[in-house]
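*Asks:* Got a predicted structure plus its sequence, pasted below:
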Amino acid sequence: MKVAIFTDTFYPDVNGVAKTLKRFTDHLEKRGHGFRVFAPESTNDHLFSNHIHRFSSLPFFLYPECRLAFPNMLHVKSELIRFQPDLIHIATPFNVGLCGLHYAKKLNIPIVGSYHTDFDQYLEYYDLQIFSKLLWKYMHWFHRPFEKIFVPSHFTKEQLVHLGFRNLHIWGRGVDCQLFHPNYDKWEIRKKYNIKEKYILSYVGRIAPEKDLQTLISIMNQLPEYLANQIHWLIVGEGPSLEEMKEKAPINSTFTGYLRGEELAKVYSTSDVFIFPSPTETFGNVVLEALASGTPAVGANSGGVKNIIQHGLTGRLCEPKNSEEFVSEITYLITNDSIRIEMGHEARSYALYQTWDSILDNLIKEYEEVLSYKKIQYA
C-alpha cells in the first residue's frame, strides 16, 4: 500500500512522536510499502529525501520542538495526486495536520490518525487552563472524519472514551532491546562525567514545565542527607527550564544535554534507578527504554507511564506531584540492593516482549482493515 503521513514533527527532531514516526516509516520501507512524509523543516538537520517534504516553520510556543509549519498547499496537492496514496495518516493536529485533513477530504482519501500528546494537560503548566474547553472542541472537530484514531496506551484510550471520542485503537510502543540493554561498561559513564558517588539516579526527557520538573527538583533536594551524599544525578535533555533547573538542583548533578543512540543507552544502563515524575505522558518511551536497560523506574501513577511500570515488579508508582512519596520509594530501592537488582531483571524481561516489529505490523493490519472496509462501502 501507499501511505501519506502528515506530521508537525519528524526525525531528526528529538521527541517521542518524531522517533516513533521515523521507526514506522523505516518499517514501511522494510515491508515494501510506499510512503511520503509531509513535515516542517527540522531544527536539528536538513536531510533531503524524495520521501520527505519539508516546509518552513516557526516553533510552537508550548512545545518548541513541535513546529507550526506553513505548507505549500499547491505542492502538497500535486504530490498527493502524483503519489496516489491509499491512506492518509495524520499524526498531529496543527498546520500540517490540517493540510492533510483538507486534502484527504478533497481527494476522497481514507484518513486515520494518531493521538500522541495531551496538550490539554500542558495548559495547566503554562497557566492556560482557560483554553481547555476550546481545545477539546477543536480536537473533536479535527478527529471526527478519522476512520481510526490510534492511541499509545490503555489509559489514553479510557481518557478519550470518557471525553466522547470514538473509533479508538491501541497503537503501542516498542523498544530496541539490542540498543538498550544492561551490559554496557558501567565505568565508562562514571569516568566521562567524573562520578564518584556510589549510586546514579537519572532523568531523561524534555526540560520543561509539563514534565513536572518542580516535583523532580523537590525530590532531588529532599532526599535524606545520608543518602543524598551517596547519589549522583544525571539529567539528560534540554528545554526552556534548563537554566532554572541548573540553579535549583543539588551540587551532585550533571546536565548532559541531549543524548541519543549508545550514549543515551549507556546512561540508562549505568543508572541504578530511573526517575520520571511527569504526569502528562500518553505513553512514556523513556521509561520503557530504562526498563530495557535493566534499570527499575520510579514514575508518576498517571498517563501511559502507569501502563508500563508494574508496581513492585519493574519499578514503583507514586502519586503525581507527591515528592515525599517519590523520596520514600527511591530510598526503599537504593537501600535494598537485592530488591532493586531483581526489579532490574524483571524490567529487562518485560521489555524483551515489547518488540517493534509486531507492534508496527499490527498497525499495518489496522490500515488494511480500513481499506478493506472502504472497498466494501464503494462496491
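*Replies:* That came in fine, so what should we check first? Here the structure is a predicted model, which is why all the values come from computation and not from measurement.
*Asks:* so how far is residue 364 from the closest residue to residue 274 other than its chain neighbours?
*Replies:* Setting aside the residues directly before and after it, residue 274 is nearest to residue 290 in space (CB to CB, 6 or more residues apart in numbering), at 3.7 Å. Glycine gets a C-beta too; all of them are placed from N, C-alpha and C. According to CB to CB, to the nearest Å, residue 290 stands 28 Å off from residue 364.
*Asks:* Now do the strands in the stretch 1-150 of the chain.
*Replies:* Applying DSSP state E, counting those that start in this stretch to the stretch 1-150 of the chain gives strands spanning 2-6, 34-40, 52-55, 57-60, 63-69, 87-90, 111-114, 148-151.
*Asks:* quick one: contacts of stretch 312-326?
*Replies:* Residues outside stretch 312-326 that contact it (CB atoms under 8 Å, 6 or more residues apart in numbering): 212, 215, 218-219, 222, 274-275, 277, 279, 291, 296-302, 305-306, 309, 311, 329, 332-333, 343, 346-347, 350.
*Asks:* Just the residues you listed: which are in helices?
*Replies:* Counting by DSSP state H, these place 215, 218, 219, 222, 291, 329, 332, 333, 343, 346, 347, 350 in helices.
*Asks:* could you dump whichever helix or strand residue 366 is part of to CSV, C-alpha only?
*Replies:* Applying DSSP states H and E as the criterion places residue 366 in helix 356-378. C-alpha atoms of helix 356-378 as CSV (Å, rounded to 0.1, in the frame of the first residue of the first chain):
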residue,chain,number,x,y,z
TRP,A,356,8.7,-3.0,17.4
ASP,A,357,8.1,-5.4,14.5
SER,A,358,5.0,-7.0,16.0
ILE,A,359,3.6,-3.6,17.1
LEU,A,360,4.2,-1.9,13.7
ASP,A,361,2.9,-5.0,11.7
ASN,A,362,-0.3,-4.7,13.7
LEU,A,363,-0.6,-1.0,12.7
ILE,A,364,-0.3,-2.0,9.1
LYS,A,365,-3.1,-4.6,9.6
GLU,A,366,-5.2,-1.8,11.1
TYR,A,367,-4.6,0.1,7.9
GLU,A,368,-5.6,-2.9,5.8
GLU,A,369,-8.9,-3.2,7.7
VAL,A,370,-9.7,0.4,6.9
LEU,A,371,-9.0,-0.1,3.2
SER,A,372,-11.0,-3.3,3.1
TYR,A,373,-14.0,-1.6,4.8
LYS,A,374,-13.8,1.2,2.3
LYS,A,375,-13.7,-1.2,-0.7
ILE,A,376,-16.9,-2.8,0.7
GLN,A,377,-18.5,0.6,1.1
TYR,A,378,-17.7,1.5,-2.5
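*Asks:* and that helix with strand 2-6, angle?
*Replies:* In terms of direction (axes from the mean of the first three to the mean of the last three CA atoms, to 10 degrees), helix 356-378 departs from strand 2-6 by 100 degrees.
*Asks:* ok, and for helix 356-378, which residues are buried?
*Replies:* By neighbour count with 16 or more other CB atoms under 10 Å, helix 356-378 contains the buried residues 356, 359, 360, 363, 364, 367, 370, 374.
*Asks:* Farthest-apart pair in those, please.
*Replies:* 356 and 374 (27.2 Å; CB to CB).
*Asks:* are any of the ones in helices among the contacts of stretch 312-326 buried, and which?
*Replies:* 215, 218, 219, 291, 329, 333, 343, 346, 347, 350.
*Asks:* Looking at the residues you listed, which one is closest to residue 266?
*Replies:* Using CB to CB, residue 291 comes nearest to residue 266 of these, at 15.8 Å.
*Asks:* quick one: that closest one from residue 314, how far?
*Replies:* 6 Å.
*Asks:* Quick check: neighbours shared by the two?
*Replies:* 297, 347, 350.
*Asks:* Tabulate these in TSV, adding columns for distance to residue 86 and pLDDT.
*Replies:* Formatted as TSV, these follow (distance: CB to CB, whole Å; pLDDT from 0 to 100):
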residue	distance to residue 86	pLDDT
297	39	98
347	39	98
350	35	97
